[in-house]
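Engineer: Quick one: sequence and predicted model below, then my questions.
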Amino acid sequence: AVQLTQSPSSLSASVGDRVTITCRASQDIGSTLAWYQQKPGKAPKLLIHEATSLESGVPSRFTGSGSWTDFTLTISSLQPEDFATYYCQQFSGDSLTFGGGTKVEIK
Amino acid sequence: QVHLVESGGGVVQPGRSLRLSCAASGFSYSSYAMHWVRQAPGKGLEWVAFISYDGINKFYADSVKGRFTLSRDNSKNTLSLQMNSLRAEDTAVYYCARELLRGGAFDVWGQGTMVTVSS
């Protein structure tokens, strides 16, 4: 099964900062990668699918990039409502896996 | 409005069974593949199982294969997860999720139902 490694596992940032989260796949997954945001006690929310496509209703400060094995989620200017945990997820083949998550905390 | 509502969670002893349900509304349920995803307390997300829109194809995570069975009733807009031989490590919040029509990612999630396996 494809393994996804997210980094960092946590980070501290201030409102207005540019934040970058990376996700590395253990093998080539093309562009079959999604990003989610999860707040405590809530279900995950889809942000990005197919590596770069912004889900409807998601603010444009969220950007996904990458392909094959290396992917990035960028938040261009962190807002108070963006403090949350972020997960990448791959969907190639007959199994799906999530990355370990990146917790974005207030500095 | 598009909704997924899970039910059936609770406390169960190791080795026993539990059946989770997910009721869908506000969309053409029979057109969508569906999944279950779980999250152990304080941990990350783990994909559990997939069922195709017509119920023909099913895939399971290795951790539940042979113990969990996924089914759907498109006439009732419901999804069910039969969980047998439960283990302590199955303790988690279980979410049902809708897969995008273009594939792979989950655009609609339920609120989750908690399953606790403990003696």
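Structural biologist: That came through fine.
Engineer: Which of the three states applies to the most centrally placed residue in chain A?
Structural biologist: Nearest to the geometric centre of chain A sits A:Trp35, at 3.8 Å (Cα atoms, centre = their mean). When classified by DSSP: H, G, I helix; E, B strand; the rest coil, A:Trp35 comes out as strand.
Engineer: That one contacts A:Gln90, doesn't it?
Structural biologist: No: A:Trp35 sits out of contact with A:Gln90 when judged by Cβ atoms under 8 Å, with a separation of 10.9 Å. In short, each C-beta sits where N, CA and C put it, glycine included.
Engineer: Now the residue in chain A positioned nearest to chain B: closest residue in space, sequence neighbours ignored.
Structural biologist: Using Cβ to the nearest Cβ, A:Phe91 is the residue of chain A that sits closest to chain B, at 3.1 Å. Excluding its sequence neighbours, the residue lying closest to A:Phe91 (Cβ to Cβ, 6 or more residues apart in numbering or on different chains) is B:Gly104, at 3.1 Å.
Engineer: What is the neighbour count of the one you found?
Structural biologist: B:Gly104 has 18 neighbouring residues, counting by other Cβ atoms under 10 Å in any protein chain shown.
Engineer: isn't it right next to A:Thr32, touching?
Structural biologist: Yes: look at B:Gly104 against A:Thr32 with Cβ under 8 Å: they come within range, at 5.6 Å.
Engineer: Common neighbours of the two, please.
Structural biologist: A:50, A:91 (Cβ atoms under 8 Å, 6 or more residues apart in numbering or on different chains).
Engineer: What residues sit buried inside the worst-scoring helix or strand of chain B on mean pLDDT?
Structural biologist: When the helices and strands of chain B are scored by mean pLDDT, DSSP states H and E, strand B:58-60 comes last with a mean of 94. For strand B:58-60, a neighbour-count test (16 or more other Cβ atoms under 10 Å in any protein chain shown) marks B:59-60 as buried.
Engineer: okay, residue 43: pLDDT?
Structural biologist: If you meant another chain, say so; for now it's chain A. What the model reports for A:Ala43 is a pLDDT of 98.
Engineer: Not quite, go with chain B.
Structural biologist: 97.
Engineer: With A:Ile106 instead?
Structural biologist: 87.
Engineer: ok, and the closest non-adjacent residue to it?
Structural biologist: A:Ile106 sits nearest to A:Phe83 (Cβ to Cβ, 6+ apart), 5.6 Å away.
Engineer: And the one you found, its phi and psi?
Structural biologist: A:Phe83 adopts backbone torsions of phi -70, psi 120, taken as degrees, to the nearest 10.
Engineer: Just to check, it is in contact with A:Ile75?
Structural biologist: No: assessed by Cβ under 8 Å, A:Phe83 is found out of contact with A:Ile75, at 10.4 Å.
Engineer: got any residues that touch both of the two?
Structural biologist: By Cβ under 8 Å, 6+ apart, the residues touching both A:Phe83 and A:Ile75 are A:Val104.
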